[in-house]
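S.K.: predicted coordinates and the sequence they were generated for:
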Amino acid sequence: MAFTTKAANCHDNSAALNKKSKEIKRPVIALIGMPNSGKTTLFNALTGSNFKTSNYPGATVEYSMGKLMEKYDFDSDIMDSPGIISLNPSSPDEEVTINGLFNHPKFGLPDVVIVTCDCTQLSRQLFLVKQVIDTGFKTIVALTMNDLLAKKDFEISLDKLKSILKVPAVRVNGSKREGIQELARQAEELYADKSIPNYKASIHKLDHPTEADVAKLYDYTEDTERNVIEHLSHKLDIDEINKKNFHTLSRKPDKNSMRLDKIFLHPVWGILIFIISMGIIFTSIFWIAQPLMDIIDTGFSGLAELISSSLPEGTWYSDLITNGLINGFGSVMVFVPQIVILFILLGLLEDTGYLARAAMLIDKPLTKFGLNGRSFIPMLSGYACAIPAIMAARTISNRRERFLTIMVIPLMSCSARLPVYALLLAFLVPPDKPWIAGIGMGALYLFSIIAGAFTAGVISKFKKTNEKSTFMLELPPYRIPVFRNILKNTYYKALVYVKQAGPIIIVISLVLWALTYFPNVDPVLPESKKSGHSEEQVSRMLESERLSTSYGATVGKYVLEPILKPLGWDWRIGVSLISAFAAREVFVSAMAITFNITEEGDDGDNIQKSLLTTMQGAKTDSGASLFTTASTISLIIYFMFAMQCLSTVAVARKETASWKIPLLQIVIYTVMAYVLAFITYNGLNLLGIQ
Amino acid sequence: MNNITVEIPQISGKSVAELGIGETALITSVGDDCLDIHCHCLRLMELGFTPGQEVTVVAKSPFKDPLAVSVRGTIIALRTSEAECIKISTNGIYN
């Protein structure tokens, strides 16, 4: 298996963790376990809210580090990691986890390892437990889901399990905070245990197992299961449960899940539920977030007005603060509602266990385009932001499918495009019929899926491979989600977005402001032009003069305009497009800067409304309307395809450990965007639509 | 490749992929006669599909692929091509 990305992944994580490295070295407890074994719940119980994480729904793709809660009285760090099946990795995120366990760049080897073990699938989960013990780690087994096993009328004898495995074992219930104190005590005791001289030197990686090794290990776990599992109430007749029946009884999956799967994976109902749930997600991103976004938008323009009225008029720093800084900051914050809503909904779907089923339902159609059912969650996250989405693609074990998923994620209609589409659609649609804009938005979302599938299909036709595609995804039991954990998770995700995208967007806003403000800071108008105009009109003319003689205008007029003219755009749109490379949404605030001060604009209640008025009045050099139906639609088409996001390029480079994918993305998508916008604009003009 | 076969009388050549929804059978071998060198049979075994285990097809997705198969207390979604690597004994099939 060739995972060239492993070094890069490992490195990224160390860089993230290195920030914290200045602290005093505490004992490190690593938490590992199979997917859905209750590991994350246990991690939350151990650390309380005191943890830092940089991961996203769909997969715990990066480490979370937290400090053990003080009430447990053992000063130590807890390291959470993605779920793994075995210590023999078969996907990049398993590789990350396993490398981190044996060779963590910052922490080295953990002092103690806690392995979570879902006791309703004991024979399966002991597999990883036994592997960890065999490597020589100081191991504690944390038995989870004891209540579910009790429902089946079984329990596990702790004493027997401890004597067979020869390591401590504790029953825990993460969500009820039971057994956590005992687990912390055992960890401290084990940490203090010096009976093994040079303990860390004795730890060794396991050899790549053969199929015979796996079978042998399972024989061991089955034997262990048979010995430790006990009947709780002895209600059943002992003769009735002969040896074989006894353990097969305990190995029946959750009954409710099997029943629910008959509906959720039903050929008709399953598809219907899938379509409805995805529909709810997309409509709520748009409809629920919109009022919240308006509030933020109005709030920031109000703030800008307030500050500009309290600062001396006409000074450069007053302009810098209102037009540069506050505008820039507002364009970062305006997406937070969408990101929060998407991550809450994704979190809910994931916690209930439905998301894995959704991936299964969509696997077959996606394979037609060279993708995988596992591509589904990253692609869905791509509707919020391509950055976490590309990182979530680590769960795809097949290298080619993973790269193809990363390749098409930028085509998914991310939330940064929403304000751009919202502005342009609002311009196209008559104000008394806003529902048309809603339908238009839906169509754009749908079209982005089709464009992504089509692109993936074409690329996969060009690039053949021998590497076999696999799916193999565990479907966790259906559960009632813990809302508190989802909210906490969402909070961290929004924070990561603001921290990651925020600074770059603000910097570009400032650069753009400077480009449109300098060098002609105090423009001079001849008296003849000024006469007969009010003071306000003169001040507007001065601003217009300043902009049209600015650095930005010079670059725009001589470099951008010749390129963009065939698409029906002028240099001001060009400058806005360039600034949108920071992030697509910057386009809106850049348009506000480049247009608001050149055209008559009313001082409306928010940026969008006054911008719309401005756009309606905008003229080209020849005096024709700049924003026609044709040129506005061609702008929308351009935004659907163009790789207008430097952060995405950076993340794609990091995640694929090469420039190949990000460069391909820039070239292919920019060319596609330009050509399609050209065809749209000129095609519409030919049809007589201006 | 080392393939493990448990001695169960009726080796049928049938695989999990051929089971209907709700049908249960015993695994006889995993990755036998698997000609594909890139096969992920080892991962299938690590997931718990080992000879002698009982498997049940819980559901099939609308396109009949992948299938949801229960093994060792959990449900795992597998593609038909993956399920074909898991051979079952005929005498064990029951509802």
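M.R.: Ah, there it is. Numbering: from 1, shown residues only, chains lettered A, B, ... in the order given.
S.K.: how about low-confidence regions in the stretch 501-650 of chain A?
M.R.: A:501, A:505, A:529-530, A:532-534, A:536-537, A:539-540, A:544, A:596-608 (pLDDT under 70).
S.K.: tell me which parts of it are close to chain B?
M.R.: Within the stretch 501-650 of chain A, not a single residue sits near chain B (CB under 8 Å from any CB of the partner chain). In this view, the C-beta of every residue, glycine as well, is placed from N, C-alpha and C.
S.K.: neighbours of the residue in the stretch 501-650 of chain A that chain B sits nearest to, how many?
M.R.: Residue nearest to chain B within the stretch 501-650 of chain A: A:Met640 (28.4 Å; CB to the nearest CB). Neighbour count of A:Met640, defined by other CB atoms under 10 Å in any protein chain shown: 20.
S.K.: now for it: which residues touch it?
M.R.: For A:Met640, the contacting residues are A:Leu411, A:Ser413, A:Arg417, A:Leu444, A:Phe447, A:Ser448, A:Ala451, A:Ala673, A:Leu676, by CB atoms under 8 Å, 6 or more residues apart in numbering or on different chains.
S.K.: count of neighbours near the fifth one?
M.R.: Here the neighbour count serves as a burial measure; for A:Phe447 (other CB under 10 Å) it reads 15.
S.K.: could you find the closest non-adjacent residue to it?
M.R.: Excluding the flanking residues, the one nearest A:Phe447 by CB to CB, 6 or more residues apart in numbering or on different chains is A:Met640, at 6.9 Å.
S.K.: how near is that neighbour to A:Arg171?
M.R.: 53 Å (CB to CB, to the nearest Å).
S.K.: what strand or helix carries the residue sitting furthest away from the middle of chain A?
M.R.: The C-alpha centroid of chain A is most remote from A:Ser528, which lies 57.7 Å away (CA atoms, centre = their mean). According to DSSP states H and E, A:Ser528 maps onto helix A:527-530.
S.K.: quick check: closest non-adjacent residue to the residue positioned nearest the centre of chain B.
M.R.: Taking CA atoms, centre = their mean, the centroid of chain B lies closest to B:Ile86, which sits 3.1 Å from it. Leaving aside its sequence neighbours, B:Ile86 sits nearest to B:Val16 (CB to CB, 6+ apart; 4.4 Å).
S.K.: so that neighbour sits against B:Val69, correct?
M.R.: Yes: assessed by CB atoms under 8 Å, B:Val16 is found in contact with B:Val69 at 6.1 Å.
S.K.: what is in contact with the two at once?
M.R.: By CB under 8 Å, 6+ apart, B:Val16 and B:Val69 have these common neighbours: B:Val55, B:Val57, B:Leu78, B:Ala83.
S.K.: after the helix or strand bottoming out on mean pLDDT in chain B, which helix or strand is next?
M.R.: Using mean pLDDT, DSSP states H and E, the weakest-scoring helix or strand in chain B turns out to be strand B:11-15, at a mean of 75. Remark: after strand B:11-15, the chain's next helix or strand is strand B:24-30, criterion DSSP H and E.
S.K.: surely A:Gly83 and A:Gly38 touch.
M.R.: No: assessed by CB under 8 Å, A:Gly83 is found out of contact with A:Gly38, at 10.3 Å.
S.K.: is stretch A:269-288 anywhere near chain B?
M.R.: Yes: legend: contact between stretch A:269-288 and chain B by CB under 8 Å from any CB is shown at A:Gly270, A:Ile271.
S.K.: so what's A:Val524 up against?
M.R.: No contacts exist for A:Val524 under CB under 8 Å, 6+ apart.
S.K.: distance of the residue nearest to A:Lys557 when sequence neighbours are not counted relative to A:Ala583?
M.R.: Leaving aside its chain neighbours, A:Lys557 sits nearest to A:Trp571 (4.8 Å; criterion: CB to CB, 6+ apart). From A:Trp571 over to A:Ala583 the distance is 21 Å, taken as CB to CB.
S.K.: all strands for the stretch 201-350 of chain A, in order.
M.R.: Using DSSP state E, counting those that start in this stretch, the strands of the stretch 201-350 of chain A run over A:229-231.
S.K.: which residues in it form helices?
M.R.: Using DSSP state H, counting those that start in this stretch, the helices of the stretch 201-350 of chain A run over A:211-228, A:243-250, A:255-264, A:269-287, A:289-310, A:316-319, A:327-333, A:336-352.
S.K.: and the fifth one, average pLDDT?
M.R.: Regarding helix A:289-310, the rounded mean pLDDT is 83.
S.K.: now do it: distance to the chain's middle.
M.R.: Offset of helix A:289-310 from its chain centre (CA atoms, centre = their mean, to the nearest Å): 27 Å.
S.K.: now do stretch A:407-422
M.R.: The mean C-alpha position of stretch A:407-422 is separated from the chain mean by 13 Å, CA atoms, centre = their mean.
S.K.: distance between the ends of that stretch?
M.R.: End-to-end distance for stretch A:407-422, by CA to CA, to the nearest Å: 26 Å.
S.K.: ditto for stretch A:392-405
M.R.: 10 Å.
S.K.: roughly how far out does it sit from the chain middle?
M.R.: Relative to its chain's centre, stretch A:392-405 lies at 15 Å (CA atoms, centre = their mean).
S.K.: which parts of it are buried?
M.R.: A:392-405 (16 or more other CB atoms under 10 Å in any protein chain shown).
S.K.: same thing with stretch A:477-484?
M.R.: Across stretch A:477-484, burial judged by 16+ other CB under 10 Å covers A:Pro477, A:Tyr478, A:Val482.
S.K.: per-residue pLDDT, the first one?
M.R.: This means A:Pro477. Reported pLDDT at A:Pro477 in the predicted model: 88.
S.K.: no more questions from me, cheers.
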